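Engineer: One predicted model, sequence on top.
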Amino acid sequence: MDSLLQVDAVRQRYPKGSGEPLLVLDGVSLRMGENEIVSLLGRSGCGKSSLLRIIAGLMPASEGHVAIEGKPVDGPAEQVAMVFQSFALFPWLTVLENVEIGLEAQGVPADERHHRALAAIDLIGLDGYESAYPKELSGGMRQRVGLARALVVHPKVLLMDEPFSALDVLTAETLRTDLLDLWGEGRMPISSILLVTHNIEEAVLMSDRILVFSSNPGRIMAEIPVSLPQPRNRLDPTFRRLVDDIYALMTARPTGKAMPGLFPGTGIAMLLPRVSPNLLAGLMETLAGEPYRGHADLPAIAAGLQMEIDDLFPVAETLQLLRFAEVAEGDIRLTDAGKRFVQLDQDERKRLFAQHVLAYVPLAQHIKRVLEERSAHTAPESRFRDELEDHMTVEHAEQTLRSVTSWARYGEIFAYDEGPGIFSLENPA
């Protein structure tokens, strides 16, 4: 396969508050040929979007090389166009003007600009809306404008960064179907599509190949060909098996330990996700009830709760961290402690939850110990934030501190006063 896109040994680092920079991508290499749809599948934070921006020339890689048709990418690349999750339209421009703007930046004459923009608008199904402003359009229509703006420049590679995730389920399904129809009919002026997603079914539905990323740092851990003919049926047994296999891959325990990724770091430097106690309790109650009876396939739970992997995995693996559940090979199973939690009343649940947080979350132990050792039993938030920023980014430190605070409040382990930013041993109630 001739390489339309070539990525070699790309690494990407971001500065932290202090200490060594955070390694987000590590040794990522890939090849992409003509007439391919390739998905980059992984959880939030695994570096997929960073890789897309490096390929587009919107930011340089810390190490490694990217080339399109053999030409190195060392700045914004004219051979690629990008569709963003957030639509990224100019609100003061009409649909036609938003679509034309990329051509204008390339110095295309006005008549040709106008002609190509109208053709792109017609192609993606917005004929008649040329003079409308973004505020007059639904989310799905705005994303169609974003797609037209990308297609009008006739890129070799169309980069799509979670383009359907901000849309409701039905709108996203319609736009995916229309995009695949245009692709199958050969009507889009592009050679290939590189899609970032965290939706496993979306990746299987659209892709010729799926590259599965691990996290912290992001690496390609598997390449999965998808040979199912288009259009694909989500209920087809082969489709379901492939979805199940990918879930199993992303929760596998190759060395007898949970796959690293969600909770990198050790001790108080363990990065914690923002998962509320209510979500944790809700998933345990769902698992304990019918038809699961304490044990379920993750795809079945995701479908039943209409949750994507970025929503479901942090909840499931937080339960695993707290020893309320076990997650492996695409399944989740309540432990004895998880089954007991569901049967308890509210006060007893809080006590059991507090026991597990203190036993398995080192940062919670650390904060409580510091508060106990101080005569006033108080400490400023900044004291712990500074410690965390020695090991992780400012954003991750904020996320981790907010998570442990939420869990501690629920378990009445310690209190936090948002105004002055003070932790204390006072009863949170």
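Structural biologist: Everything's here; your move.

Engineer: Low-confidence regions, this protein specifically.
Structural biologist: 1-2, 16-19, 77, 252-266, 427-429 (pLDDT under 70).

Engineer: In it, which helix is the longest?
Structural biologist: helix 394-411 (DSSP state H).

Engineer: Pull the distance from it to the chain's centre.
Structural biologist: How far helix 394-411 lies from its chain's middle: 20 Å, per C-alpha atoms, centre = their mean, to the nearest Å.

Engineer: That one packs against which elements?
Structural biologist: helix 277-288, helix 346-360, helix 362-373, helix 381-389, strand 415-417 (3 or more C-beta pairs under 8 Å, 6 or more residues apart in numbering; DSSP states H and E). (Glycine included, C-beta is placed from N, CA and C.)

Engineer: Name the residues of the last one that come out as buried.
Structural biologist: By that I understand strand 415-417. Residues of strand 415-417 classed as buried: 415-416 (neighbour count, 16 or more other C-beta atoms under 10 Å).

Engineer: which is the next helix or strand following that strand?
Structural biologist: Downstream of strand 415-417, the first helix or strand assigned by DSSP states H and E is strand 422-424.

Engineer: other SSEs contacting that following strand?
Structural biologist: So strand 422-424, by 3+ C-beta pairs under 8 Å, 6+ apart, packs with helix 362-373, strand 378-380, helix 381-389, strand 415-417.

Engineer: Minimum distance to Asp208: which of these has it?
Structural biologist: With C-beta to C-beta as the measure, helix 381-389 is the member of the helices and strands packed on strand 422-424 nearest Asp208 (41.7 Å).

Engineer: circling back to that earlier point, quick one: buried residues of the longest helix of the chain?
Structural biologist: For helix 394-411, by 16+ other C-beta under 10 Å, it's 396-397, 399-401, 403-411.

Engineer: got it, and stretch 336-349?
Structural biologist: Result for stretch 336-349 [16+ other C-beta under 10 Å]: buried residues 337-339, 341-342, 349.

Engineer: Help me confirm that Val153 comes into contact with Ile101.
Structural biologist: No: taking contacts as C-beta atoms under 8 Å, Val153 lies outside contact range of Ile101: 10.1 Å.

Engineer: Tell me which residues touch Val404, please.
Structural biologist: By C-beta atoms under 8 Å, 6 or more residues apart in numbering, the contact list for Val404 reads 272, 357, 361, 363-364, 367.

Engineer: now with 7 Å?
Structural biologist: Each residue near Val404 by C-beta atoms under 7 Å, 6 or more residues apart in numbering is listed here: 272, 361, 363-364, 367.

Engineer: Tell me the one among those nearest to Arg209.
Structural biologist: Checking these against Arg209 with C-beta to C-beta, the nearest one is Leu272 at 33.1 Å.

Engineer: Nearest residue to that closest one in space, please, no chain neighbours.
Structural biologist: Nearest residue to Leu272, sequence neighbours excluded (C-beta to C-beta, 6 or more residues apart in numbering): Ser403, at 4.0 Å.

Engineer: No further queries at this time; thank you.
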